[in-house]
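Visitor: Sharing a model that was predicted from the sequence below.
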Amino acid sequence: MPHPIAPALEVALDYYKAVSTGRFADAADRLAPDFVCHAPRAGSITSRTEYVATLADHMRILTSSVLVAAHGGPDDALLYYVHTYEGFGDVHTAEYIEVCNGRIASSRVIFDSRPFDK
């Protein structure tokens, strides 16, 4: 018997699918109005519009995305995925997502930045 998907994990997976397939408007719809992202190189991004623009810029060179693992509960989720970028190769990423009222309130992204240092 399949286990039910935890609410935050469902939101996080919907968001991941939207981002990894270039559906940025759908991804933005999953973000809370006061969304904040903490990420290497970008620092803290507190504007949903700025975040989606930054995301779209990075995703234009995305050649593949593989979700390796996902875990979540009622209010938070953790995703581990590998994005492959043109000119940079594989970038292993962990993303901790906090969900409030069915939308992503915050994201903390950690990734191996060595491919970008080449």
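Guide: Okay, I see it. Numbers count the residues shown, from 1 in each chain.

Visitor: Following element in sequence after the worst-scoring helix or strand of the chain on mean pLDDT, please.
Guide: Across the helices and strands of the chain, mean confidence by mean pLDDT, DSSP states H and E is lowest for helix 48-59: a mean of 84. Heading C-terminal from helix 48-59, the first helix or strand you meet, by DSSP states H and E, is strand 62-72.

Visitor: which secondary structure elements does that next one contact?
Guide: In terms of contacts (3 or more Cβ pairs under 8 Å, 6 or more residues apart in numbering; DSSP states H and E), strand 62-72 is packed against helix 7-20, strand 76-85. Quick note: C-beta positions are derived from backbone N, CA and C, even for glycine.

Visitor: Kindly recompute the last result at 10 Å.
Guide: Under the contact criterion of 3 or more Cβ pairs under 10 Å, 6 or more residues apart in numbering; DSSP states H and E, strand 62-72 touches helix 7-20, strand 76-85, strand 89-100.

Visitor: quick revisit: in the least confident helix or strand of the chain, what counts as buried?
Guide: 48, 51-52, 54-55, 59 (16 or more other Cβ atoms under 10 Å).

Visitor: give me the low-pLDDT residue ranges for this protein?
Guide: 1-2, 116, 118 (pLDDT under 70).

Visitor: Spit out the contact partners of residue 26.
Guide: Neighbouring residues of residue 26 by Cβ atoms under 10 Å, 6 or more residues apart in numbering: 14-15, 17-19.

Visitor: coming back round to it: could you export the helices and strands packed on strand 62-72 to JSON lines, including columns for distance to residue 117 and mean neighbour count?
Guide: Listed next are the helices and strands packed on strand 62-72 as JSON lines, based on distance: least, Cβ to Cβ, whole Å; neighbours: other Cβ atoms under 10 Å:
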{"stretch": "helix 7-20", "distance to residue 117": "23", "mean neighbour count": "19"}
{"stretch": "strand 76-85", "distance to residue 117": "13", "mean neighbour count": "19"}
{"stretch": "strand 89-100", "distance to residue 117": "11", "mean neighbour count": "18"}
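
Visitor: So for residue 35, which of those sits nearest?
Guide: With Cβ to Cβ as the criterion, residue 35 lies closest to strand 89-100 of these, at 9.9 Å.
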